[in-house]
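Novice: Structure, please.
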Amino acid sequence: MDFQYFFIKYTDANGQHHEFTSSDFSLFENQHFQLEFLLEEMNHDRRYKVAIQPKTSLTLLDFFIETKLDYAASKQVLCNGFQSWTETKLYTKEDKLQAQRWGIRAIGEAYGDGLIYTYKNKKGVVHSWTYTSIKLAKKRAVFLGSLDEKKGYTIFEHHQIENKLKIKKDVFGSKIEQATILLDIFHSENYEQFCYQNYFEAQALQPIHAKPAIGWTSWYYYYTGITEKIIEDNLHAFKQQQIPIEIFQIDDGWQQAVGDWLHVNKKFPNGLKAISDKIHAQNIKAGLWLAPLACEQNSFIVKEKPHWILKNEKGKFLKIGFNPLWSYWFYALDIYNEEVRSYLKSVFLTILHEWNFDLVKLDFLYGTALLPRNGKSRGEIMIDTMQFLRTCVGDKMILGCGVPLSAAIGTTEYCRIGPDIHLSWDFSILKWARARERPSVLNAIHNTISRRQLSGKWFWNDPDVLLLRKNKNTLSKAEKYALLLSNVLFGHLIFTSDNIAEYDAETLRLFQSIFPLMTIENPQVSEHHGFYTIHFHIKERYYTAFINTDNKTRMYKLPNSLFFDNVTQELVNGNKRIEVPKHSARCLLNVGHTPFGIAGSNGHFFSGTEIENIYISGNTIELEWTKGMLSDAVVYIKVPLDYDVVTINNSGNFKRINKSDFSIIEVRSGNNQNIELENA
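Specialist: The predicted model follows:
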């Protein structure tokens, strides 16, 4: 990067406005402050800091640095969205980001960055929050990431055609009275995976005190229509099917109104403590949804505590969204109001210790930080908010949602990293309106893949739910599989909201096949116009997956090898082109041409992982089965034509299938007698 100039705007202690532009990056000083620009070499990476030393009290209004950056070799730019739901994906020089259309802006703009950032509506100009990556050839990248968001959000504004990058700090409203790090940027040019690895190391992150989990949530089947019986029936379904989920979460619909978190509505006559006890009786953790910093029109807060609610410049309640399932508009609470803080402390004490919930899903968190105040920028307020909530929750778990991700680091165990899914592929009207936080399966997949590196570092990624059911949605079978594949590849909080009691045998078996969760190792992802190619391995088995989010069929040339298709249960010869239809996905186990190996299976979502180890000695084969499998499995073992197998695990209960160049040994873990391997 070639630093060109910086710009700073502020008010002094007398309320006078000042602004300066300078290209002097050694030391800048005037009567009000001193700016120092620091460079730290970090092996092959760099760290740029801007430190401000005020001579009097200052309130910052704007700060940015403009640099020259050559985008000639750039393939695509990764732009991280403002908060959990915001569209996050790769952009080319032909793309542009546009603000929401006027007709919808009043309803949806508060969800995103439209009230904070001025969209340029210009080809090649895109912006990213907290971190960004410029993809180069041969898996290399130019990576930039903020190491300190304490004074405000960091925005990277790419001007790809003009070959410049603006690094902006959203410091509006931040009061400076002592020496402060204004900007702290990590810069790396390396293989992309090493860029992320070094970035996380530079952040000195603490371990996450939780583990990846599979669970259930009530939202996408019942929405606010949940009742005590519905919750108990769904809990019973998991017990009846003996499916060992780890978290069972009650979503929106249990409270009297949004904001009235101590008043359980009449649909739960026995209260929530009785339900959490029943969840715990099945050795499952109990989760509960709430939006602690929001209130709706029908809440007691609007009626009795209006001074708790943030006001806009006209003195009206600050609207942070619109929901027809509530009483339409909803508003933000002021986290700095002591009565609000006292109320929330009592709410969490009740939920976590009287009702005994283990996890709280905290939603719509962005709202309280939309308005700078109290000498703090929006980013400062968001960090204060998350730290306060962390203190309230203590050693119980937080699933953050609707939150700028940098504030969720170290304050949440799990965090939503994509939008709500939709019951169809995309939300067409909101897509037309350019709502980047819209419910969307398409955007959920983009976000799950694009933010995959964060999981296990900042928090465990929650990609939102998978849907397998055949009712109450218009998703095709292929679209549901694409969503499922992206979730189990890159998500670490895997929820469904289906009523599994309604599953037919095939659907139930597919759901059971994701148990136990497998560790995806060294995923390598490439993308071209919405077509993702993913190479990864699990244990010692290698896979290639394709997720086609495009609106047309895509082709891929397989290398010269032998593959097993996880869905069709077919062997596929390589060295040919295969089709991946629109809105679909495929996952292939690389069997290879070696004489011995796992040639496929049907017990786990990722074929071949049912076997922990395989030992071949003389004419005997020993199989060590993976623990935690929920279904009987058929496993296919590839052996030479002239290799005579006498026993497998001291038994002759297996079947031999001779092919032209090799043989397949079919081994069954249980009584499954219905699956046959198709010919290649």
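
Novice: and the gap between the closest residue to P595 other than its chain neighbours and S663?
Specialist: Among residues not flanking P595 along the chain, P640 sits closest, at 4.8 Å (C-beta to C-beta, 6 or more residues apart in numbering). In this view, the C-beta of every residue, glycine as well, is placed from N, C-alpha and C. Using C-beta to C-beta, to the nearest Å, P640 is found at 7 Å from S663.

Novice: returning to that earlier point: can you give me the neighbour number for the residue nearest to P595?
Specialist: Neighbour count of P640, defined by other C-beta atoms under 10 Å: 11.

Novice: For it, give me its contacts.
Specialist: 595-596, 662-663 (C-beta atoms under 8 Å, 6 or more residues apart in numbering).

Novice: Keep only those of the residues you listed that are in strands.
Specialist: Among the contacts of P640, the ones falling in strands (DSSP state E) are S663.

Novice: ChimeraX command for the buried members of the contacts of P640?
Specialist: Typed into ChimeraX, the line below selects the buried ones among the contacts of P640, using 16 or more other C-beta atoms under 10 Å:
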select :662,663
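
Novice: List just the nearest of the contacts of P640 to T549.
Specialist: Each of the contacts of P640 was checked against T549 using C-beta to C-beta; the closest is F662, at 36.0 Å.

Novice: Do I have it right that the closest one meets Y643?
Specialist: No: between F662 and Y643 there is no contact, the gap being 9.1 Å when judged by C-beta atoms under 8 Å.

Novice: Which residues are in contact with the closest residue to N560 other than its chain neighbours?
Specialist: Spatial nearest neighbour of N560, excluding adjacent residues (C-beta to C-beta, 6+ apart): N575 at 4.1 Å. Shown in contact with N575 (C-beta under 8 Å, 6+ apart): 558-561.

Novice: What is the neighbour count of Y71?
Specialist: Y71 - counted by other C-beta under 10 Å - has 19 other residues nearby.

Novice: need the strands for the stretch 101-250 of the chain, in chain order.
Specialist: 125-129, 131-135, 140-146, 153-159, 164-170, 174-176, 180-191, 213-217, 247-250 (DSSP state E, counting those that start in this stretch).

Novice: which ones are touching the nearest residue to K75 once chain neighbours are set aside?
Specialist: Leaving aside its sequence neighbours, K75 sits nearest to K135 (C-beta to C-beta, 6+ apart; 4.5 Å). With contact taken as C-beta under 8 Å, 6+ apart, K135 is in contact with 74-78, 90, 141, 192.

Novice: rerun at 10 Å
Specialist: By C-beta atoms under 10 Å, 6 or more residues apart in numbering, the contact list for K135 reads 73-78, 90, 92, 141-143, 192, 526-527.

Novice: swap in T544?
Specialist: T544 sits next to 524, 533-536, 556, 558-559, 561, 563, 574, 586-590 when contact means C-beta under 10 Å, 6+ apart.

Novice: per-residue pLDDT, the residue nearest the centre of the chain?
Specialist: Nearest to the centroid of the C-alpha atoms of the chain, with distances taken as C-alpha atoms, centre = their mean, sits I417, at 2.4 Å. Here, the pLDDT recorded for I417 equals 98.

Novice: do the one 3 residues further on as well
Specialist: You'll see D420 listed with a pLDDT of 98.

Novice: Check Q673 too.
Specialist: pLDDT, read off for Q673, is 36.

Novice: Next: E109.
Specialist: For E109, the model assigns a pLDDT of 88.

Novice: That one contacts Q100, correct?
Specialist: Yes: E109 is within contact range of Q100, at 5.6 Å (criterion: C-beta atoms under 10 Å).

Novice: more crowded one of the two?
Specialist: Q100 (22 against 19).

Novice: where's P372 relative to H307, distance?
Specialist: 19 Å.

Novice: nope, G259 is what I was after
Specialist: For G259 relative to H307 (C-beta to C-beta), the value is 14 Å.

Novice: Which neighbours do the two have in common?
Specialist: Shared contacts of G259 and H307 (C-beta under 10 Å, 6+ apart): I301.

Novice: Much appreciated, bye for now.
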